[in-house]
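> With the sequence up front, the predicted model follows.
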Amino acid sequence: MTRTAAEISSLLVVSSDSVVLRSISSIGASNSWEFETAFNAWDAMERVQGGATPDLLLLDLPKEDSDGLHILRWLRRLRPTLPIILIGHPGDPRKQEESLRMGAREYLVRPVEDRQLELVIQRSLSVADEAAETDISSDDVEAVGNDNYFVVCSSVMRRVRAQAALLAEGSVPVLILGESGCGKETTARLIHKLSIRSGFGFAKVNCGALPEDLLERELFGFERVSAGSPTRIKPGKLELCARGTLLLEEITEMPLALQLNLLQVLKSKRFVRPGTSTFVDADVRIMASSGVRVQRAVSDKRLREDLYHHLSAYTIHVPPLRDRKEELPFLSRHFMHRLAKHYGLIPREFSPAINEAWQTHSWPGNLQELEHSIKRYLMVGDKELTFDMNASDPKHADSRRGFANSQSVSQPPAQPSDAPAGAAESKSLRSLVQSVKSEAERNAIAVALQKTGWNRKAAARLLNVSYRTVLYKIEQYQMHASDSPSFSRANGRRSGGAGIHDERKEPTSLGDQPMHNRRREQL
């Protein structure tokens, strides 16, 4: 809920400086803020642990303070959404960088003017209000960072949540298994957030997305020596995530030579940086995930058996979306509000037909498929919705029939009987992705053109693209001003009438422009 004018913000101020306290008292009176004072950072942590719920925490770090950042780390764990503002002394950029990395909202350097402090507090409270306006308000939903939320609206996900909380107490490796798009990364982020390492970095590397040499540099870094130039050292993720967590996605795709290096890291907590003989300590928790049957990968010699045993001592299985369909209503609302805000559109209400159809679908693409479906529904609604859910997969025929009965669906043409099944699936997937992209792009342009009364230059500025790009897309999608009912009515024209702009003055393609105009566009 958005805070109204009658509501009062509560601030917890940790400071022994009378100047800071007087400033807070002065600006708080004019902003309807109430504040209470804590003697030190430990006192603030005890109050939060005891149930205090301030809207913002202002932490004034004494000079040569050694406890403030440690308390900040624990406060972020206790109240991840609590805005925290730090006031520090000049001449210590390391502390400023460290505090922002650990989750502080702002870091102010003394001396701080009253107006500057007031603006920073107002901005932090405003951001907190915007976060509260989302549908993430249930105790069963937990923000885990990077716009990810862990949802436990089903019994199976409550078991996963309990496993994550148990594994968060140690720093052992964890293997997370599940189908593509079911939430393996979110589970890893949850374990990281609940662990003692939550104040440090979380990073992920997809082992199947990079060739072997680049993957080695991404993980272990490199050192380059050039004649006449200083030695260049680039740390890898194992160094950058010191005391944090590193998630290795698609571990079965990691080359065998690098699997051996990773095994040495798990055993000795150190490695040799490529190109040197330098040993580097690796105090990092390693998690791995896979969407395939890892035991088959071991038998096929794609995953080292000894590495598998090191990783699989603690394993979490994330269930697919079809096994937790009771979460669909909540997840649908969440994706709708987030995507509507991203595209600057008004969220749509879900019709009974679409809710029924999604309940009968088997969701082979899991949360990723649901998010793409919500995106299409946001753009085109019920009437024009085309929903090709793995049309070439006979395993999902029943769910497709249920969807077709409740919704007008355009199915792709049937594949020839002699066409390979893999080719049909690949073609279906590519066409689905391209269709989603094209529909979203065309509708975004149409909305911008309608808002600007088909002023193409204004639409380009609204979309933050070049005017030339808008002209090209209008021609590509064969868009006309007469296609917009509101535009046609506003100008007293029927649906097939011409647009209001003179096409001689504003050509629809670059080729229609005079030569001097084309040269200006190219420049």
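That came in fine, so what should we check first?

> I'd like the distance from the residue nearest to residue 123 when sequence neighbours are not counted to residue 477, if you could.
What sits nearest to residue 123 in space, not counting adjacent residues and going by CB to CB, 6 or more residues apart in numbering, is residue 106, at 7.9 Å. C-betas here are computed from N, CA, C, even on glycine. Going from residue 106 to residue 477 by CB to CB, to the nearest Å gives 44 Å.

> Let me know how buried residue 38 is, in neighbour terms.
Burial measure for residue 38: 22 neighbouring residues, criterion other CB atoms under 10 Å.

> same deal with residue 242?
Residue 242 is flanked by 15 other residues according to other CB under 10 Å.

> same thing with residue 464?
Residues lying near residue 464 (other CB under 10 Å) number 7.

> how close does it get to residue 57?
Distance of residue 464 to residue 57, computed by CB to CB: 36 Å.

> Ok, residue 43 next?
Look at residue 43 and residue 57: by CB to CB, they are 12 Å apart.

> which one of those two has more residues nearby?
In this comparison of residue 43 against residue 57, neighbours counted by other CB under 10 Å, the higher total goes to residue 57 at 27 against 13.

> Following the helix or strand hosting residue 354 in sequence, what is the next regular element?
Element membership of residue 354, judged by DSSP states H and E, is helix 352-360. Helices and strands here follow DSSP H and E; after helix 352-360, the next one along the chain is helix 366-380.

> And residue 63, how close does it get to residue 435?
Distance, residue 63 to residue 435, using CB to CB: 60 Å.

> Name the residue in these two with the higher neighbour count.
The neighbour count for residue 63 versus residue 435, taken as other CB under 10 Å, is higher for residue 435 (15 against 9).

> Secondary structure of the more buried one: a helix, I assume?
Yes: if the criterion is DSSP: H, G, I helix; E, B strand; the rest coil, then residue 435 is within a helix.

> Give me the nearest residue to residue 440, chain neighbours excluded.
Once its chain neighbours are removed from consideration, residue 440 has its nearest residue in residue 379; the separation is 5.5 Å (CB to CB, 6+ apart).

> give the contact list for that neighbour.
Neighbouring residues of residue 379 by CB atoms under 8 Å, 6 or more residues apart in numbering: 439, 440, 443, 444.

> Show only the entries of those residues found in helices.
Among those, the ones falling in helices (DSSP state H) are 439, 440, 443, 444.

> What is the nearest of the residues you listed to residue 205?
The shortest distance between residue 205 and any of those, using CB to CB, involves residue 440 and amounts to 28.7 Å.

> The closest one and residue 374 touch, don't they?
No: the criterion here is CB atoms under 8 Å, and residue 440 misses it with residue 374 at 11.5 Å.

> With neighbour numbers in mind, choose between the two.
Neighbours per residue, other CB under 10 Å: of residue 440 and residue 374, the larger number sits with residue 374, 25 against 18.

> Find the nearest non-adjacent residue to the more buried one, please.
What sits nearest to residue 374 in space, not counting adjacent residues and going by CB to CB, 6+ apart, is residue 335, at 4.1 Å.

> Could you check the host helix or strand of that neighbour and say which residues are buried?
Taking DSSP H and E as the definition, residue 335 sits inside helix 328-343. Using 16 or more other CB atoms under 10 Å as the burial criterion, the residues of helix 328-343 that qualify are 328, 330, 331, 332, 333, 334, 335, 336, 337, 338, 339, 340.

> how distant is it from the center of its chain?
Taking CA atoms, centre = their mean, to the nearest Å, one finds the center of helix 328-343 at 13 Å from the center of the full chain.

> Now do it and helix 352-360, the angle between them.
Between the direction of helix 328-343 and that of helix 352-360, the angle (axes from the mean of the first three to the mean of the last three CA atoms, to 10 degrees) works out to 120 degrees.

> Can you measure across stretch 322-332, start residue to end residue?
Its start and end residues considered, stretch 322-332 measures 14 Å (CA to CA, to the nearest Å).

> now swap in stretch 271-281 and tell me
7 Å.

> Use 13 as the first number for this chain going forward.
Okay, residue one is now 13; in that scheme the one you just asked about reads as stretch 283-293.

> average pLDDT across it?
Per-residue pLDDT over stretch 283-293 has a mean of 84.

> Give the buried residues for that stretch.
283, 285, 286, 292.

> How about stretch 104-118?
If you call a residue buried by 16+ other CB under 10 Å, then stretch 104-118 has these buried ones: 104, 107, 108, 110, 111, 114, 115, 116, 117, 118.

> What of stretch 170-188?
Using 16+ other CB under 10 Å as the burial criterion, the residues of stretch 170-188 that qualify are 172, 173, 175, 176, 179, 180, 183, 185, 186, 187, 188.
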